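J.: just a sequence and a predicted model for now, questions to come.
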Amino acid sequence: MTLQQLRQMKQQGRTITVLTAWDYAIARLIDAAGVDLILIGDSLAMVALGHRTTLPITLDEMIHHAKAVCRGVERSLLVCDLPFMSYQESIQQALHTAGRVLKETNVQAVKLEGGHPAAVETVAHLVQAGIPVMAHIGLTPQSVHRLGYRQQGKTPEAAERLVQEAIALEAAGAFSIVLEHIPADLALQITQKLTIPTIGIGAGPYCDGQVLVTADLLGLSERQPPFSKRYADLQGIVTQAIQTYCTEVKEGKFPL
């Protein structure tokens, strides 16, 4: 999967599938299942490292996990989140951070949050340096202390601001944009205005693609977002398997 193929999928009306990954084992399964794009999301701070938000994860930790994910992937497009405060200080910091990610892993692109003028300028400079960028607006988890986890874009003024941010990010060179937790009609409006693919999460059915945190999909998360869907209950399956193992060991049934 390439950036060009992703854009062609939008042009052809073919829906794009996106999931997150945090290690080799889960990445190998996702890739084999045929997912189009795998995101090494900073959500791994919560689902893999036990933090309450995405804010604590460091660049070194993101690179460590990205390397593991890359080893398990043969066909999916790979994108890595830039963690909190690894790109916001200056254009130079953003270039250094994104450059490290591409040089030290096998990902093809990075993702950063925000559609304000400074974020748009950052996207433009990264793209000019040859670094593909996926943008992210709406509910931006790295701004949790300012925005909370509330739906964004609900007023006419807020909706128009998000439309303009999306247009500006496309003009800056972003190859795709994540729309998180915004009204479905607003996501449709943005999707129709852009030539780059929109990837929705809690943004309704009208985006060019959908993304979920894989731990939520598999039933491994402690807290389930209201806009997510659980496709399996691996937490229950794993717990039962471990309890059975413990019982068999204590009763002398294993090993035989």
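T.: All right, it came through fine.

J.: need the CA coordinates for stretch 228-246. PDB is fine.
T.: Taking C-alpha atoms only, stretch 228-246 is exported to PDB below (Å, rounded to 0.1, in the frame of the first residue of the first chain):
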ATOM      1  CA  SER A 228     -16.000   2.400  19.300                       C
ATOM      2  CA  LYS A 229     -17.200  -1.100  18.700                       C
ATOM      3  CA  ARG A 230     -16.100  -4.300  20.400                       C
ATOM      4  CA  TYR A 231     -15.800  -7.100  17.800                       C
ATOM      5  CA  ALA A 232     -14.400  -9.700  20.300                       C
ATOM      6  CA  ASP A 233     -13.900 -10.300  24.000                       C
ATOM      7  CA  LEU A 234     -10.300 -11.300  24.200                       C
ATOM      8  CA  GLN A 235     -10.100 -10.100  27.800                       C
ATOM      9  CA  GLY A 236     -12.500 -12.800  28.800                       C
ATOM     10  CA  ILE A 237     -10.900 -15.500  26.500                       C
ATOM     11  CA  VAL A 238      -7.400 -14.800  27.800                       C
ATOM     12  CA  THR A 239      -8.500 -14.700  31.400                       C
ATOM     13  CA  GLN A 240     -10.300 -18.000  31.100                       C
ATOM     14  CA  ALA A 241      -7.300 -19.600  29.400                       C
ATOM     15  CA  ILE A 242      -5.000 -18.500  32.200                       C
ATOM     16  CA  GLN A 243      -7.400 -19.700  34.900                       C
ATOM     17  CA  THR A 244      -7.600 -23.100  33.200                       C
ATOM     18  CA  TYR A 245      -3.900 -23.300  33.000                       C
ATOM     19  CA  CYS A 246      -3.500 -22.500  36.700                       C
END
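
J.: does residue 190 touch residue 162 like I think?
T.: Yes. The pair residue 190 and residue 162 passes the contact test of Cβ atoms under 8 Å, sitting 6.9 Å apart. Glycine gets a C-beta too; all of them are placed from N, C-alpha and C.

J.: quick one: which of those two has more around it?
T.: Neighbour count, other Cβ atoms under 10 Å: between residue 190 and residue 162, residue 190 has more, with 28 against 21.

J.: let me see the contact set for that one.
T.: The contact partners of residue 190, by Cβ atoms under 8 Å, 6 or more residues apart in numbering, come to 162, 163, 166, 177, 179, 198.

J.: could you pull out the strands for the stretch 151-256 of the chain?
T.: Ranges of strands within the stretch 151-256 of the chain are 176-180, 198-201, 209-212, based on DSSP state E, counting those that start in this stretch.

J.: fine, thanks again, bye for now.
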